[in-house]
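Enquirer: Below are the sequence and a predicted model for it; my questions follow.
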Amino acid sequence: VDTELVAELDLLGGKENPSTGTTLDASPIEHVLTRFNAQDVALKKGGVAVAIARSVGLNISNELADDVYTLSSNGFRYALPEQKLMVNGDAELLFIDSEWTDLAVNGTEFDLEILMTVGAHSLKITLPEVKMRRQPIQRNGFGPMYVAVDFKAYFQDNADGVPIIVELINDVASYA
């Protein structure tokens, strides 16, 4: 069983400005790496744990405009204008009944939480307002049936005023 959780980051920059001082810490603090594995993940819908997800993917993007090259900018991007924050993802769910497909078909809004916990360390990702788009139900041979869903988080009227909340709890006192 593959229990590894994978995170990919794509970073985009405009121009690197070389440092003028020393940036290397002569005596860095070494932090112990705490890994989250698949068995450390809890998926919750409406605050209730759901144990039918085979996989969950999450994409967070500022939709930066990466093609802003201008005359006299010496070949560098002049700016990286932010566009709208986009939070979306996908999941592959074991098809037990029509609960999840009904949410997608009816356009029902709900909240979704992905919680990863190892001991005292946790990473919680909350999407206060989510809607899904349904994909066809899949079956490979005589095995279980799965439904693939795409979801989109947004802000319309939730009390937090954001489409995504990320909370990290660890033993690092400060990142300053």
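Expert: Structure received. Numbers count the residues shown, from 1 in each chain.

Enquirer: helix or strand right after the longest strand along the chain?
Expert: Ranked by residue count and defined by DSSP state E, the top strand of the chain is strand 121-139. Counting by DSSP states H and E, the next helix or strand C-terminal to strand 121-139 is strand 145-153.

Enquirer: What pairs with that following strand, parallel or antiparallel?
Expert: Paired neighbours of strand 145-153 in the sheet (DSSP bridges): strand 86-94 (antiparallel), strand 121-139 (antiparallel).

Enquirer: Name the nearest residue to the spatially most central residue of the chain, ignoring sequence neighbours.
Expert: Closest residue to the average C-alpha location of the chain: Leu58 at 3.5 Å, with C-alpha atoms, centre = their mean. With sequence-adjacent residues excluded and distances taken as C-beta to C-beta, 6 or more residues apart in numbering, Leu58 is closest to Gly89, at 4.2 Å. Every C-beta, even on glycine, is put in place using the N, C-alpha and C of the backbone.

Enquirer: pretty sure Leu123 contacts Met116?
Expert: Yes - between Leu123 and Met116 there is a contact at 4.7 Å, judged by C-beta atoms under 8 Å.

Enquirer: Now the common contact residues for those two.
Expert: Residues touching both Leu123 and Met116 (C-beta atoms under 8 Å, 6 or more residues apart in numbering): Phe36.

Enquirer: Mind telling me what element the residue lying farthest from the centre of the chain is part of?
Expert: Within the chain, the residue lying farthest from the chain centre (C-alpha atoms, centre = their mean) is Ser72, at 37.5 Å. With secondary structure defined by DSSP H and E, Ser72 is part of neither a helix nor a strand.

Enquirer: separation between it and Tyr78?
Expert: In this view, Ser72 and Tyr78 are 9 Å apart by C-beta to C-beta, to the nearest Å.
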